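Asker: pasted the sequence and its predicted model underneath.
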Amino acid sequence: MEFFKIRRDIPFMRNALVFNVISFVTFLAAVFFLFSRGLHLSVEFTGGTLMEVSYSQPADLNKIRSTVDGLGISDVQVQNFGTAQDVLIRMPVQKGTTSSQQSEKVLTALKAADASATMRRTEFVGPQVGDELAADGLKALAFVVVGIMIYLAIRFEWKFAVAAIIANLHDVIIILGFFAFFQWEFSLPVLAAVLAVLGYSVNESVVIFDRIRENFRRYRKMNTEQIIDNAITSTISRTIITHGSTQLMVLSMLIFGGATLHYFALALTIGILFGIYSSVFVAASISMWLGIQREDLVKGGPKKDLDPNDPNAGAAV
Amino acid sequence: MNRYPVWKYAIILVALVVSGLYALPNLFGEAPAVQVSTAKSSVKVDAATLAKVEQALKSAGLTPDAVALDGASVKARFADTDTQLKAKDAVQKAINPDSADPSYIVALNLLSRSPAWLTSLRASPMYLGLDLRGGVHFMLQVDMQAALTKRAESLSGDIRTILREKNVRHSGIARNGQAIEIRFRGAATAQAAQRIIQDQFTDLDAVSAADGQDVKLVATIKQVSGKTIQDQALKQNITTLHNRINELGVAEPVIQQQGLDRIVVQLPGVQDTAKAKDILGRTATLEVRLVDEGSEARAAETGTGPVPFGSERYLDREGIPVIVKKQVILTGENLTDAQPGFDGQTQEPTVNLSLDAKGARIFRDVTRENINKRMAILLFEKGKGEVVTAPVIRAEIGGGRVQISGRMTTVEAADTALLLRAGSLAAPMEIIEERTIGPSLGAENIAKGFLSVTWGFVAVAIFMCGYYMLFGVISSLALAFNLLLLVAVLSMLQATLTLPGMAAMALVLGMAIDANVLINERVREELRNGASPQAAIHAGYDRAWATIIDSNVTTLIAGLALLAFGSGPVRGFAVVHCLGILTSMFSGVFFSRGLVNLWYGRQKKLKTVSIGTVWRPDSGTEVTTP
């Protein structure tokens, strides 16, 4: 089997400007939604009480909502969790009562309404823990950005480092934009997924950069645009197959992982889709706009990439 | 060109065998077990306890699958729950003769079913987190300011005593927050006091300041000492929590420090949050009382008479009765520290106690009036008292520093000090996070995580085999090996596997295939450009390697950031993510090349490679390989 029978290099860079404008608009839209709607943060970040209640019959969410509202607790969210019988109730911190008092009060009321209600789990998270989680998340993000930039600047060139990071943040902001637009719950696993996408998406850009560097050494007559087009074209099959495989895994998580992994898998799915796009149209074109040239990468003759002592390089003859 | 030296194959073989061995325990599942642990801080579980349990099972006619001493508990594994319940009753009866005052806790538990020879290799299954196994999770915040204030309070009492001893007149000592303020009428006395404080209290920094007509000395705890105090407070709280949780008989409690002032307590398998909270919050109390040495009391001690009025009978650690007066002289609240040490003159092991100001005053008065009498230190746990030690008072003891010595070994001194310390919390704690996860949800989560990994793996493997033929089969084998390695490493490290961890496993498998896709595509490309099969394989692996390194290092950077800054579920994800990247480099490149070399490397005149279609744009024809 062979999916990709490409005769000539695809002129990706000729249309780079158009795609960059599209990217920029999507990016702006994501930022707009992030600010206008904000993220729907889970109790892990905001602090509060979370109850999981199970019923023997499919639960009537409206009835549960009004029961809980009747107790004088405001801003309560009730939703199905995984199945129709399981319900997740989320309540903000209430002054004067502890979390367990609050959940017990709610459970008693629910039991009065439907005797089959059983508590499956309660969680209480203090808001101070939430603040710290958000701060740690930002620290992790900063660490990733700086770490990757330093590594790429050393291994490649600062222009590539800048391009890769912009492409990367583009992906991350767009995932966040999706979560803000649809008001999907942003929980800790989702944060983990977003940060994993950072590593994953840069992985993508690096493969293309690597090929660009190689092409600069090999094809001395091509100009930068042709070199980039050739690099993207010759790696496109790998890009799509790798993303396809990863997507298969994530898809299986989305289907079989249940409610707990739902948004995690969703964040990864968006990340993978935009990862392909951004490494081709954002990372490569930004490095082109930054004016990447042969001299940047081929300093003082071809650099030896391979370590002769490398145990994984295979036997040399 | 494509041959591995023997030692490389040896490495692969060793890695296969070792990872197979250590991944194996995960297949056996769990068996019902009975766990015996100590119910009192003064009772230890050791080889003798193991023998007792074995004896008890033998006499009841029950044969366990395995009995072993594991840390601070004895665990016996059984074939079914029926035997387990019978065994629990038998052991309970044999080991706790007095059911009203049990020395051991006999609890039901689940243990890995893996055979003894695997256990002896220290191979155990992956440690499942609370979300997969069910249980309760608490995060406790230790009030460090309170610990420092408590220390400052006791230090201010010590200063008062010292100054009185040295005849330095002051016009008042007060504690203001964590600072101790001492007023003096003249600068000379203030200077004298400052010298004394600098000599005697290395923890304090004393600064003098004018205060109207008086001179004021402000003593504050040094930053370094403050850190030590906080460290000790946290350690003491953890010790105390350990002692309390042992009462619950939880199989593998996790009690660990998180950050500078937090303690995480995880009790897998416990479902009763209220009980757990009750025990975490309970304080063991320490009391100092005088021993009743009247003739009636002596008769009661030997068991020939009733306990006199106003006294009570307690047992010491050897089980010898001691009659002590009901009147309490001091409680654990007045005890600030207990450390084992040595007597400077006799070189005997000692236990050194530090009392706060109030305690020191009372202690001095009591010891002055009761020289040559005995004094008992009692520890109350779960409402039951026990005499920890009952030394004879040799002299009046002032200054709040008490030394208990005589007929003690070093180990006994250390144990006693620990008991005295463990009795109380060094600083108050507050539960700031609490989670309960039901066991059914845990089982469901395992099943879901397992399903997503399985189906994802199957889908990728089918695609790879169909698209890349033999190279796809090899890639799939490498992916399977990666999974095996990852499970083995996780089992070896006993890192906690959580649901996000399982998600990371699935994601890492998806990403690990990238290395093989890169290699396979590269080999095809080389073939397309007209390279000979052997050269194409060689160049494919060589050229792809640099790309694989770069892309994996950047992914690893992201993983490390998550590991460093993440907490809870994020960290669980990051551990598996990082380990998975490392194992995938080994399996995806080193291992898969080994297989390719084994298959193709020995053929001198290799004409075709089974890597699917290699399509050539120039001729327009397809070169289909078998």
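Answerer: Ah, there it is. Keep in mind the model is a prediction, meaning the values are calculated, not measured.
Asker: can you pull the contacts of the spatially closest residue to A:Arg14 that is not a sequence neighbour?
Answerer: Ranked by Cβ to Cβ, 6 or more residues apart in numbering or on different chains and with sequence neighbours excluded, the top spatial neighbour of A:Arg14 is A:Glu225, at 7.7 Å. In short, each C-beta sits where N, CA and C put it, glycine included. With contacts defined as Cβ atoms under 8 Å, 6 or more residues apart in numbering or on different chains, A:Glu225 is in contact with A:13-14, A:288.
Asker: can you tell me the element A:Glu225 falls in?
Answerer: Using DSSP states H and E, A:Glu225 sits in helix A:224-256.
Asker: from the contacts of A:Glu225, which is closest to B:Val458?
Answerer: Ranked by distance to B:Val458 (Cβ to Cβ), those are led by A:Met13 at 38.9 Å.
Asker: how about stretch B:603-619: buried residues?
Answerer: Residues B:606, B:609, B:611-615 are the ones in stretch B:603-619 that count as buried (16 or more other Cβ atoms under 10 Å in any protein chain shown).
Asker: for the residues you listed, which one is nearest B:Ile404?
Answerer: B:Ile611 (79.3 Å).
Asker: how much space between the closest residue in space to that closest one that isn't next to it in sequence and chain A?
Answerer: Excluding its sequence neighbours, the residue lying closest to B:Ile611 (Cβ to Cβ, 6+ apart) is B:Phe471, at 4.4 Å. In this structure, B:Phe471 and chain A are 12 Å apart, going by Cβ to the nearest Cβ, to the nearest Å.
Asker: before we move on, what about B:Val91?
Answerer: For B:Val91, the distance to chain A - Cβ to the nearest Cβ - is 33 Å.
Asker: check contacts around that residue.
Answerer: B:34, B:36, B:53, B:56-57, B:76, B:106.
Asker: please identify the buried residues of the strand or helix carrying it?
Answerer: Element membership for B:Val91, per DSSP H and E: helix B:81-95. By neighbour count on 16+ other Cβ under 10 Å, the buried set for helix B:81-95 is B:83-84, B:86-88, B:90-92, B:94-95.
Asker: chain center to that helix, what's the gap?
Answerer: Relative to its chain's centre, helix B:81-95 lies at 29 Å (Cα atoms, centre = their mean, to the nearest Å).
Asker: could you pull up the mean pLDDT of the next helix or strand after it?
Answerer: Scanning forward in sequence from helix B:81-95 by DSSP H and E, the next helix or strand is strand B:104-112. Strand B:104-112 shows a mean pLDDT of 75.
Asker: put the alpha carbons of strand B:104-112 into PDB.
Answerer: What follows is strand B:104-112 as a C-alpha-only set of coordinates in PDB (Å, rounded to 0.1, in the frame of the first residue of the first chain):
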ATOM      1  CA  TYR B 104      -2.400  -6.300  67.300                       C
ATOM      2  CA  ILE B 105      -4.800  -5.400  64.500                       C
ATOM      3  CA  VAL B 106      -5.900  -8.200  62.300                       C
ATOM      4  CA  ALA B 107      -7.400  -6.900  59.100                       C
ATOM      5  CA  LEU B 108      -8.600  -8.300  55.800                       C
ATOM      6  CA  ASN B 109      -6.600  -7.200  52.800                       C
ATOM      7  CA  LEU B 110      -5.900  -8.000  49.200                       C
ATOM      8  CA  LEU B 111      -2.400  -9.100  48.100                       C
ATOM      9  CA  SER B 112      -0.900  -9.900  44.800                       C
END
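Asker: average pLDDT across the helix or strand just after that strand?
Answerer: As assigned by DSSP H and E, the chain's next helix or strand after strand B:104-112 is helix B:116-120. Per-region confidence: helix B:116-120 scores 81 on mean pLDDT.
Asker: same check on stretch B:240-247?
Answerer: 71.
Asker: count the residues that sit near A:Val93.
Answerer: Neighbourhood size, A:Val93 [other Cβ atoms under 10 Å in any protein chain shown]: 17.
Asker: do you know the pLDDT at it?
Answerer: 74.
Asker: name the spans of the stretch 351-500 of chain B whose pLDDT lies under the cut-off.
Answerer: Counting by pLDDT under 70, the stretch 351-500 of chain B contains low-confidence ranges at B:381-383, B:406-407, B:418-426, B:438-440.
Asker: what's the nearest residue to the residue in the stretch 101-250 of chain A that chain B sits nearest to if we skip its chain neighbours?
Answerer: Per Cβ to the nearest Cβ, A:Gly199 is where the stretch 101-250 of chain A lies closest to chain B, at 2.9 Å. Spatially, and ignoring its direct neighbours in sequence, A:Gly199 is nearest to B:Ala558 (2.9 Å; Cβ to Cβ, 6+ apart).
Asker: check B:Asn2 too.
Answerer: B:Asn2 sits nearest to B:Gly601 (Cβ to Cβ, 6+ apart), 3.9 Å away.
Asker: what's the closest of the buried residues of helix B:81-95 to chain A?
Answerer: B:Gln84 (26.4 Å).
Asker: measure the residue nearest to A:Arg14 to A:Ser285 for me?
Answerer: A:Glu225 is 10 Å from A:Ser285, where distance means Cβ to Cβ, to the nearest Å.
Asker: now do the host helix or strand of B:Met469: which elements does it pack against?
Answerer: In the assignment (DSSP H and E), B:Met469 maps to helix B:439-493. Counting contacts by 3 or more Cβ pairs under 8 Å, 6 or more residues apart in numbering or on different chains; DSSP states H and E, helix B:439-493 packs against strand A:118-125, helix A:224-256, helix A:258-277, helix B:6-23, helix B:130-133, helix B:499-528, helix B:569-585, helix B:592-596.
Asker: could I get the average pLDDT for the shortest one?
Answerer: By that I understand helix B:130-133. The predicted model assigns helix B:130-133 a mean pLDDT of 77.
Asker: ok, back up a step: give me the common contacts of A:Glu225 and A:Ser285.
Answerer: Residues touching both A:Glu225 and A:Ser285 (Cβ under 8 Å, 6+ apart) are A:Met13.
Asker: just to revisit the earlier point, quick one: the helix holding B:Met469 to helix B:499-528, angle?
Answerer: On the basis of axes from the mean of the first three to the mean of the last three Cα atoms, to 10 degrees, helix B:439-493 is oriented at 60 degrees to helix B:499-528.
Asker: can you map out the helices along the stretch 1-150 of chain A?
Answerer: Under the criterion DSSP state H, counting those that start in this stretch, the stretch 1-150 of chain A contains helices at A:16-36, A:43-46, A:61-70, A:99-113, A:127-155.
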